[in-house]
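1. predicted model and sequence below, questions to follow.
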Amino acid sequence: MSDIFSRIALPATIAHRGLSAHAPENTLAAVKAAHAAGHAWVELDVQLLGDGTPIIWHDAGVRRCSNSRGKLKKLNWEVASRLDVGRWFDTTFSGERMATLEEMLALLDELGMGLNLELKVNRGRDASALVESVLPAAMQSLPRERLLVSSFDMTALNAARRLVPDPQALALGLLYEKLPRDWEDRASRLGAFSLHLDWRRLKLAQAQAVAASDYRLLCYTVNDTQAYQRLCQWGVDAVISDDPGRLTR
(Lines give C-alpha, C1' and ligand atoms only; values in the text may rest on other atoms or scores of the structure.)
Protein backbone atom coordinates (compact mmCIF):
# COMPACT_ATOMS: atom_id res chain seq x y z
CA MET A 1 0.00 0.00 0.00
CA SER A 2 3.00 2.30 0.48
CA ASP A 3 3.26 3.23 -3.21
CA ILE A 4 -0.22 4.69 -3.47
CA PHE A 5 0.22 6.48 -0.16
CA SER A 6 3.31 8.22 -1.45
CA ARG A 7 1.66 9.18 -4.75
CA ILE A 8 -1.56 10.68 -3.40
CA ALA A 9 -0.70 13.91 -1.63
CA LEU A 10 -3.97 14.84 0.01
CA PRO A 11 -4.20 18.48 1.08
CA ALA A 12 -5.28 19.29 4.63
CA THR A 13 -8.60 20.61 3.31
CA ILE A 14 -10.85 19.56 0.42
CA ALA A 15 -13.65 21.72 -0.96
CA HIS A 16 -17.03 20.04 -0.40
CA ARG A 17 -19.10 19.77 -3.59
CA GLY A 18 -16.77 22.42 -4.95
CA LEU A 19 -16.58 25.67 -3.01
CA SER A 20 -20.20 25.24 -1.96
CA ALA A 21 -20.23 28.08 0.57
CA HIS A 22 -19.67 30.52 -2.29
CA ALA A 23 -21.18 28.86 -5.39
CA PRO A 24 -23.96 26.36 -6.16
CA GLU A 25 -22.85 22.90 -5.11
CA ASN A 26 -21.58 20.27 -7.55
CA THR A 27 -21.38 22.72 -10.47
CA LEU A 28 -18.62 23.80 -12.79
CA ALA A 29 -18.89 27.23 -11.16
CA ALA A 30 -18.24 25.75 -7.72
CA VAL A 31 -15.11 23.97 -8.93
CA LYS A 32 -13.84 27.10 -10.69
CA ALA A 33 -14.43 29.02 -7.47
CA ALA A 34 -12.49 26.43 -5.47
CA HIS A 35 -9.59 26.67 -7.89
CA ALA A 36 -9.64 30.47 -7.84
CA ALA A 37 -9.50 30.37 -4.04
CA GLY A 38 -6.40 28.17 -4.15
CA HIS A 39 -7.89 24.81 -3.23
CA ALA A 40 -6.19 21.84 -4.86
CA TRP A 41 -8.88 19.19 -4.36
CA VAL A 42 -12.66 19.03 -4.50
CA GLU A 43 -15.21 16.46 -3.37
CA LEU A 44 -18.09 15.86 -5.80
CA ASP A 45 -21.04 13.47 -6.11
CA VAL A 46 -21.86 11.46 -9.23
CA GLN A 47 -25.11 9.73 -10.25
CA LEU A 48 -26.88 8.56 -13.38
CA LEU A 49 -29.89 10.12 -15.03
CA GLY A 50 -32.70 7.87 -16.21
CA ASP A 51 -31.09 7.63 -19.66
CA GLY A 52 -27.74 6.58 -18.13
CA THR A 53 -25.96 9.93 -18.44
CA PRO A 54 -23.48 10.37 -15.54
CA ILE A 55 -24.00 13.76 -13.91
CA ILE A 56 -22.53 15.60 -10.94
CA TRP A 57 -25.35 15.75 -8.42
CA HIS A 58 -26.08 14.87 -4.80
CA ASP A 59 -29.83 14.48 -4.26
CA ALA A 60 -32.16 11.84 -5.64
CA GLY A 61 -34.23 14.68 -7.12
CA VAL A 62 -33.70 18.19 -8.47
CA ARG A 63 -36.10 20.22 -6.34
CA ARG A 64 -33.59 21.59 -3.79
CA CYS A 65 -30.96 22.79 -6.26
CA SER A 66 -32.78 23.73 -9.44
CA ASN A 67 -35.78 25.60 -10.83
CA SER A 68 -37.75 22.39 -11.30
CA ARG A 69 -38.66 19.16 -9.57
CA GLY A 70 -38.52 15.46 -10.31
CA LYS A 71 -36.39 12.38 -9.70
CA LEU A 72 -33.09 11.89 -11.54
CA LYS A 73 -34.16 8.40 -12.56
CA LYS A 74 -37.05 9.91 -14.52
CA LEU A 75 -35.01 12.59 -16.30
CA ASN A 76 -33.01 12.36 -19.51
CA TRP A 77 -30.13 14.66 -20.47
CA GLU A 78 -32.22 16.64 -22.95
CA VAL A 79 -34.48 17.75 -20.10
CA ALA A 80 -31.86 17.97 -17.35
CA SER A 81 -29.53 20.12 -19.44
CA ARG A 82 -32.14 22.87 -19.58
CA LEU A 83 -32.52 23.20 -15.80
CA ASP A 84 -31.18 26.28 -14.06
CA VAL A 85 -29.10 24.92 -11.17
CA GLY A 86 -27.57 28.21 -10.07
CA ARG A 87 -30.32 30.71 -9.39
CA TRP A 88 -31.50 28.92 -6.21
CA PHE A 89 -28.14 29.79 -4.68
CA ASP A 90 -27.86 33.37 -5.91
CA THR A 91 -29.08 35.33 -8.91
CA THR A 92 -25.47 35.90 -9.97
CA PHE A 93 -25.39 32.19 -10.90
CA SER A 94 -28.59 32.26 -12.95
CA GLY A 95 -28.25 30.09 -16.02
CA GLU A 96 -25.73 27.68 -14.49
CA ARG A 97 -26.38 24.23 -15.94
CA MET A 98 -26.02 20.75 -14.52
CA ALA A 99 -22.58 19.32 -15.20
CA THR A 100 -22.05 15.98 -16.86
CA LEU A 101 -19.25 13.83 -15.51
CA GLU A 102 -17.44 14.31 -18.82
CA GLU A 103 -17.57 18.10 -18.56
CA MET A 104 -16.44 18.06 -14.95
CA LEU A 105 -13.53 15.71 -15.57
CA ALA A 106 -12.36 17.88 -18.46
CA LEU A 107 -12.41 20.95 -16.21
CA LEU A 108 -10.55 19.22 -13.40
CA ASP A 109 -7.93 17.97 -15.83
CA GLU A 110 -7.53 21.44 -17.28
CA LEU A 111 -7.13 22.98 -13.81
CA GLY A 112 -4.84 20.21 -12.55
CA MET A 113 -7.07 19.55 -9.54
CA GLY A 114 -7.56 16.43 -7.46
CA LEU A 115 -10.95 14.77 -7.06
CA ASN A 116 -12.64 12.83 -4.29
CA LEU A 117 -15.52 11.40 -6.31
CA GLU A 118 -18.38 10.02 -4.24
CA LEU A 119 -20.43 7.29 -5.90
CA LYS A 120 -23.89 8.39 -4.81
CA VAL A 121 -26.31 5.46 -4.77
CA ASN A 122 -29.75 6.70 -3.82
CA ARG A 123 -32.63 4.33 -3.10
CA GLY A 124 -33.63 2.13 -6.00
CA ARG A 125 -30.60 2.93 -8.14
CA ASP A 126 -28.17 0.40 -9.64
CA ALA A 127 -24.77 0.67 -7.95
CA SER A 128 -22.98 -1.57 -10.44
CA ALA A 129 -24.32 0.36 -13.44
CA LEU A 130 -23.07 3.58 -11.85
CA VAL A 131 -19.59 2.15 -11.37
CA GLU A 132 -19.40 0.78 -14.90
CA SER A 133 -20.45 4.14 -16.37
CA VAL A 134 -18.30 6.35 -14.17
CA LEU A 135 -15.07 4.63 -13.24
CA PRO A 136 -13.44 4.09 -16.67
CA ALA A 137 -14.06 7.73 -17.63
CA ALA A 138 -12.67 9.05 -14.35
CA MET A 139 -9.56 6.90 -14.54
CA GLN A 140 -8.93 7.85 -18.15
CA SER A 141 -9.28 11.58 -17.44
CA LEU A 142 -7.32 11.95 -14.19
CA PRO A 143 -4.02 10.44 -13.07
CA ARG A 144 -4.38 8.01 -10.21
CA GLU A 145 -2.55 10.32 -7.82
CA ARG A 146 -5.36 12.86 -8.26
CA LEU A 147 -8.34 10.52 -7.94
CA LEU A 148 -9.96 9.08 -4.82
CA VAL A 149 -13.30 7.27 -5.21
CA SER A 150 -15.51 6.88 -2.13
CA SER A 151 -18.99 5.70 -1.24
CA PHE A 152 -21.33 4.72 1.58
CA ASP A 153 -22.51 1.90 -0.65
CA MET A 154 -20.51 -1.32 -0.34
CA THR A 155 -22.02 -2.75 -3.52
CA ALA A 156 -20.57 0.19 -5.42
CA LEU A 157 -17.17 -0.07 -3.73
CA ASN A 158 -16.96 -3.82 -4.31
CA ALA A 159 -17.93 -3.33 -7.96
CA ALA A 160 -15.20 -0.72 -8.28
CA ARG A 161 -12.63 -3.06 -6.79
CA ARG A 162 -13.70 -5.88 -9.09
CA LEU A 163 -13.29 -3.57 -12.05
CA VAL A 164 -9.88 -2.42 -10.81
CA PRO A 165 -8.48 -5.19 -8.59
CA ASP A 166 -5.13 -3.50 -7.95
CA PRO A 167 -5.30 -1.08 -4.96
CA GLN A 168 -2.28 0.69 -6.42
CA ALA A 169 -4.26 1.59 -9.53
CA LEU A 170 -7.34 2.98 -7.79
CA ALA A 171 -7.68 4.53 -4.34
CA LEU A 172 -10.99 3.69 -2.67
CA GLY A 173 -12.47 5.32 0.42
CA LEU A 174 -15.02 3.84 2.85
CA LEU A 175 -17.64 6.40 3.88
CA TYR A 176 -19.33 6.05 7.26
CA GLU A 177 -21.34 8.24 9.57
CA LYS A 178 -19.82 6.37 12.51
CA LEU A 179 -16.74 4.17 12.54
CA PRO A 180 -17.80 0.48 12.68
CA ARG A 181 -16.03 -1.84 15.08
CA ASP A 182 -14.77 -4.06 12.27
CA TRP A 183 -13.42 -1.16 10.19
CA GLU A 184 -9.96 -2.67 9.83
CA ASP A 185 -11.34 -5.90 8.42
CA ARG A 186 -13.61 -4.04 6.00
CA ALA A 187 -10.80 -1.78 4.82
CA SER A 188 -8.46 -4.73 4.36
CA ARG A 189 -10.97 -6.75 2.35
CA LEU A 190 -11.63 -3.80 0.04
CA GLY A 191 -7.99 -2.84 -0.33
CA ALA A 192 -9.00 0.63 0.81
CA PHE A 193 -6.92 3.77 0.83
CA SER A 194 -8.97 5.81 3.29
CA LEU A 195 -11.85 6.05 5.73
CA HIS A 196 -14.20 9.06 5.59
CA LEU A 197 -16.11 9.83 8.79
CA ASP A 198 -18.60 12.34 10.15
CA TRP A 199 -16.43 14.45 12.45
CA ARG A 200 -19.31 15.00 14.89
CA ARG A 201 -19.45 11.27 15.67
CA LEU A 202 -15.70 10.68 15.81
CA LYS A 203 -13.99 10.07 19.14
CA LEU A 204 -10.34 10.68 19.98
CA ALA A 205 -9.51 7.00 20.49
CA GLN A 206 -11.06 6.13 17.13
CA ALA A 207 -9.14 8.87 15.33
CA GLN A 208 -5.90 7.73 16.92
CA ALA A 209 -6.55 4.11 15.96
CA VAL A 210 -7.15 4.97 12.30
CA ALA A 211 -4.24 7.42 12.26
CA ALA A 212 -1.97 4.64 13.53
CA SER A 213 -3.17 2.24 10.83
CA ASP A 214 -2.31 1.85 7.15
CA TYR A 215 -5.29 3.99 6.10
CA ARG A 216 -5.80 7.70 5.61
CA LEU A 217 -8.45 9.40 7.73
CA LEU A 218 -10.75 12.07 6.27
CA CYS A 219 -13.60 13.86 8.05
CA TYR A 220 -16.70 15.56 6.67
CA THR A 221 -18.20 18.22 6.68
CA VAL A 222 -16.03 20.45 8.84
CA ASN A 223 -16.97 24.14 8.89
CA ASP A 224 -15.96 25.01 12.45
CA THR A 225 -12.44 26.36 13.01
CA GLN A 226 -12.08 24.96 16.52
CA ALA A 227 -13.25 21.54 15.37
CA TYR A 228 -10.74 21.65 12.52
CA GLN A 229 -7.88 22.46 14.86
CA ARG A 230 -8.91 19.64 17.20
CA LEU A 231 -9.12 17.13 14.35
CA CYS A 232 -5.66 18.11 13.17
CA GLN A 233 -4.36 17.42 16.66
CA TRP A 234 -6.10 14.05 16.59
CA GLY A 235 -4.18 13.01 13.48
CA VAL A 236 -6.87 13.45 10.82
CA ASP A 237 -5.22 13.62 7.39
CA ALA A 238 -7.77 15.84 5.63
CA VAL A 239 -11.13 17.47 6.20
CA ILE A 240 -13.88 18.14 3.67
CA SER A 241 -15.36 21.61 4.11
CA ASP A 242 -17.87 23.92 2.44
CA ASP A 243 -15.44 26.79 3.02
CA PRO A 244 -11.90 25.48 3.54
CA GLY A 245 -10.34 28.94 3.46
CA ARG A 246 -12.24 29.91 6.57
CA LEU A 247 -10.64 27.03 8.50
CA THR A 248 -7.09 27.97 7.66
CA ARG A 249 -7.23 31.76 7.81
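-> Structure's in. What do you need?
2. longest strand in the protein, by residue count?
-> strand 41-48 (DSSP state E).
3. note down every partner strand of it and its orientation.
-> strand 13-16 (parallel), strand 54-56 (antiparallel), strand 114-119 (parallel) (DSSP bridges).
4. which strands and helices sit next to whichever helix in the chain runs longest?
-> Criterion DSSP state H: the longest helix present in the chain is helix 127-141. In terms of contacts (3 or more Cβ pairs under 8 Å, 6 or more residues apart in numbering; DSSP states H and E), helix 127-141 is packed against strand 41-48, strand 54-56, helix 101-111, strand 114-119, strand 147-151, helix 154-163. (Glycine included, C-beta is placed from N, CA and C.)
5. as JSON lines, the ones you listed with mean neighbour count and distance to residue 233 would be great.
-> Shown next, in JSON lines, are the helices and strands packed on helix 127-141 (neighbours: other Cβ atoms under 10 Å; distance: least, Cβ to Cβ, whole Å):
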{"stretch": "strand 41-48", "mean neighbour count": "24", "distance to residue 233": "22"}
{"stretch": "strand 54-56", "mean neighbour count": "23", "distance to residue 233": "33"}
{"stretch": "helix 101-111", "mean neighbour count": "17", "distance to residue 233": "31"}
{"stretch": "strand 114-119", "mean neighbour count": "24", "distance to residue 233": "23"}
{"stretch": "strand 147-151", "mean neighbour count": "25", "distance to residue 233": "23"}
{"stretch": "helix 154-163", "mean neighbour count": "18", "distance to residue 233": "30"}
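6. out of these, nearest to residue 86?
-> strand 54-56 (13.3 Å; Cβ to Cβ).
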